[in-house]
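>>> based on what follows, work out the 3D shape:
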Amino acid sequence: MNRRKLQGESDVDTAPLFPDLTPADKKKVRRYKRVSQSIWTEHKAKFIQKYLYFFVQVTHNGAYIDGFAGPQYHDQPDAWAAALVLESEPKWLRHIFLCELTKKGVRALEKLVAEQPEPRDRRGRKLYRNIEVWPGDFNVNVDAILATGKITQKEATFCLLDQRTFECHWATVKKLADYKTPPHNKIELLYFLGVGWLHRAFSGIRHVDTMRNWWGNDNWRSLKKETAFQIAETVRKRFEEELGYRHAAAYPIFDKQKGNRIMYYMIHASDHEEAPALMVRAHHQAVRALPKEVQNSLAF
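Below is the predicted model of the structure:
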């Protein structure tokens, strides 16, 4: 598929925005029009909020796990995914697990939860919602969260993994992917891969175990020779081939302050047939919801 080169994107990184999806059951691949505008880093939380809105419109219930839920920018509440998800309507997500390692992040989450109004529907009827803050390492807590039994096999479940570079272990991703058994859909994942500084981070590694935990084996060394897009494509394929997801696609997230350089790839993995279309709609809505002057500046 031909694609027009984006500003700030190198020749080696030019590649399809939405890689071809190969369903595990060999069904006919559904095609979706690629997005033509970029999402900046400061708007990625709004992108997530929009997708979760469409997610609950389909499921009418569900569980939400945020593995690294603390605010990354304490002075930018509009960029805090956890806050936007909790305030989103309708409040049909029933079980919410907010996990955070830092003490400052935990305090912010506890304050956020304490400030939440009692959830009600449009008719004023009370809705059931359980929100839990889990302090500590998500890679450790994930076992206990799944063991609570609060996330049933039938309940639609979404997990956000907005890690800081190498925080999320591959074993953790695999536990989430393996939790549900057929014929139920796997836990839907949104995994952030920080390619904007990945090569620089590789050179600063002092403990090999850090990389082995993040990548799941010692093959991470080969990534040093790959471009940002190639790394994202390698990770995307792992979600399909190793974890068994029916759909997996990598969405670039840009930084307008750095010449629209790609800072993240947001890898979305799902078994749900409608998920790719919902994600495209979420992207469109996230861009359209911005002020007119911002929309115009996003166009290439």
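
>>> give the next helix or strand downstream of the host helix or strand of Phe47.
Assigned by DSSP states H and E, Phe47 falls within helix 44-59. Next in sequence after helix 44-59, counting helices and strands by DSSP H and E, comes strand 63-66.

>>> by contact count, what packs against that following strand?
When contacts are defined as 3 or more CB pairs under 8 Å, 6 or more residues apart in numbering; DSSP states H and E, strand 63-66 sits against helix 81-87, strand 95-100, strand 157-161. Heads up, the C-betas are built off the backbone N, CA and C, glycines and all.

>>> just send these back as TSV, with mean neighbour count, mean pLDDT and distance to Gln57 too.
What follows is the helices and strands packed on strand 63-66, written out as TSV (neighbours: other CB atoms under 10 Å; pLDDT from 0 to 100; distance: least, CB to CB, whole Å):
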stretch	mean neighbour count	mean pLDDT	distance to Gln57
helix 81-87	21	93	14
strand 95-100	25	98	17
strand 157-161	24	97	13
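
>>> quick one: which of these is nearest Asp255?
helix 81-87 (17.3 Å; CB to CB).

>>> hmm, back to that, let's have the helices and strands packed on strand 63-66 in a markdown table, adding distance to Leu146.
Putting the helices and strands packed on strand 63-66 into a markdown table (distance: least, CB to CB, whole Å) gives the following:
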| stretch | distance to Leu146 |
| --- | --- |
| helix 81-87 | 20 |
| strand 95-100 | 10 |
| strand 157-161 | 10 |
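
>>> which one of those lies nearest to Leu109?
Taking the helices and strands packed on strand 63-66 one by one with CB to CB, strand 95-100 is closest: 5.1 Å.

>>> flag every buried residue along the helix holding Phe47.
Neighbour-count burial for helix 44-59 flags 44-56, 59 (criterion: 16 or more other CB atoms under 10 Å).

>>> try stretch 262-281
Residues 262-272, 275-276, 278-281 are the ones in stretch 262-281 that count as buried (16+ other CB under 10 Å).

>>> coming back round to it: looking at the helices and strands packed on strand 63-66, which is closest to Leu190?
Of the helices and strands packed on strand 63-66, nearest to Leu190 by CB to CB is strand 157-161, at 5.0 Å.

>>> any chance you could map the helices in the stretch 201-300 of the chain?
For the stretch 201-300 of the chain, applying DSSP state H, counting those that start in this stretch gives helices covering 208-215, 228-241, 275-288, 292-298.

>>> for the second one, packing partners?
Just to be clear, that refers to helix 228-241. If contacts are counted by 3+ CB pairs under 8 Å, 6+ apart, helix 228-241 sits against strand 188-193, strand 247-255, strand 261-270.

>>> what's the answer for the third one, then?
Applying 3+ CB pairs under 8 Å, 6+ apart, one finds that helix 275-288 makes contact with strand 39-40, helix 44-59, strand 247-255, strand 261-270, helix 292-298.

>>> 7 Å - rerun?
strand 39-40, helix 44-59, strand 247-255, helix 292-298 (3 or more CB pairs under 7 Å, 6 or more residues apart in numbering; DSSP states H and E).

>>> turn these into a markdown table, including mean pLDDT.
Formatted as a markdown table, the helices and strands packed on helix 275-288 follow (pLDDT from 0 to 100):
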| stretch | mean pLDDT |
| --- | --- |
| strand 39-40 | 66 |
| helix 44-59 | 89 |
| strand 247-255 | 89 |
| helix 292-298 | 37 |
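
>>> possible to save these as a markdown table with distance to Trp220?
Converted to a markdown table, the helices and strands packed on helix 275-288 look like this (distance: least, CB to CB, whole Å):
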| stretch | distance to Trp220 |
| --- | --- |
| strand 39-40 | 27 |
| helix 44-59 | 25 |
| strand 247-255 | 18 |
| helix 292-298 | 34 |
